[in-house]
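> how does the following fold in three dimensions:
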Amino acid sequence: MRPHIVDLAVDELAWEPLGPAGLYSRLLSRDAETGARTALQKLVPEDGYTPPQTAHYHHTYEEIIGISGCFSFDSRRWVEKGTYVFHPPQTVHGFASAIRSESTFLSRVGRDLDFNFVEEPEHDDLYPVEGANPARAAVALDHEDVLTNLAVGSFLESEAKVRLLSRHPEHGEGSAIVRLSAGWSSQIRRLPHYLEMFVMEGSVGVDGARIEPRRAYFFYPPETPINALSCHTDALVYVNFGGPLNL
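A predicted model of the protein is given here:
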């Protein structure tokens, strides 16, 4: 299991080169046993970054939320701030990858990422390399769709505006975008499954602290006590949860 992390100041972390020119990462959390990890990644064309030129798939899932900039896996749907992409394991993508400007995105994978290239894909939209579509299907949501189609719901049992992004129909693991208003406070102190949060805008205070707006990261393993969380400003939060969560 990943370590317990509370209010990690993301922008204070150094950008580490990943190998290919112009590709950088800020590792936020990682499970040492499985290789599952969450990282903020940056693509910098001015430093020599070039997108993969061949379609490919991974043996693990890949989940992405756009933070800034503009890039694409197919040159039709562009990943900008708020764009959401979920590729289940063995989903072929990257048919016509391109980048328009320096970009950052939050990346989640379920194990160490491998690349398996498909020189002649069957077609140019997401598809499984073999077998039927998985229970938690591939998703590609436009940033305007994600950021404007939030409905009144709840997060940690307090009212919030919510956009469910993806969820497994059987065990409930999933992801959502949550917009919290100033004055929001959490009402749950423990969950039977993990809870992961990335503050994209605004701030989420811990145990009553007032925090200036900044990007922050949280990871609560199953049954780990959850701090009293609250907002003194509006906040936009990307949330991942390991089981059923009332939204």
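
> drop to CA atoms for contacts and neighbour counts, all remaining ones
Will do.

> could you chop this protein up by domain?
12-143, 147-241 (automatic domain parsing).

> closest one to Val6 among those?
domain 147-241 (4.7 Å; C-alpha to C-alpha).

> JSON lines for the domains of the chain, including distance to Arg2, mean pLDDT and mean neighbour count?
Shown next, in JSON lines, are the domains of the chain (distance: least, C-alpha to C-alpha, whole Å; pLDDT from 0 to 100; neighbours: other C-alpha atoms under 10 Å):
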{"stretch": "domain 12-143", "distance to Arg2": "4", "mean pLDDT": "94", "mean neighbour count": "18"}
{"stretch": "domain 147-241", "distance to Arg2": "7", "mean pLDDT": "97", "mean neighbour count": "18"}
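
> would you list those in a markdown table and tack on distance to His4?
Output for those, formatted as a markdown table (distance: least, C-alpha to C-alpha, whole Å):
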| stretch | distance to His4 |
| --- | --- |
| domain 12-143 | 9 |
| domain 147-241 | 5 |
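
> which one of these lies closest to Ile5?
Judged by C-alpha to C-alpha, the one of the domains of the chain that comes nearest to Ile5 is domain 147-241, at 4.9 Å.

> the strand ranked longest in the chain pairs with which strands, and in what direction?
Criterion DSSP state E: the longest strand present in the chain is strand 98-111. Using DSSP bridges, the strands paired with strand 98-111 in its sheet are strand 35-43 (antiparallel), strand 62-72 (antiparallel).

> tell me the first helix or strand C-terminal of it.
strand 116-118 (DSSP states H and E).

> tell me how far that next one is from the chain's mean position?
Offset of strand 116-118 from its chain centre (C-alpha atoms, centre = their mean, to the nearest Å): 23 Å.

> one more: stretch 65-79?
14 Å.

> element containing Val6, please.
Per DSSP H and E: strand 5-9 holds Val6.

> what sits up against that strand?
Residues from elsewhere that reach strand 5-9 (C-alpha atoms under 8 Å, 6 or more residues apart in numbering): 206, 214-220.
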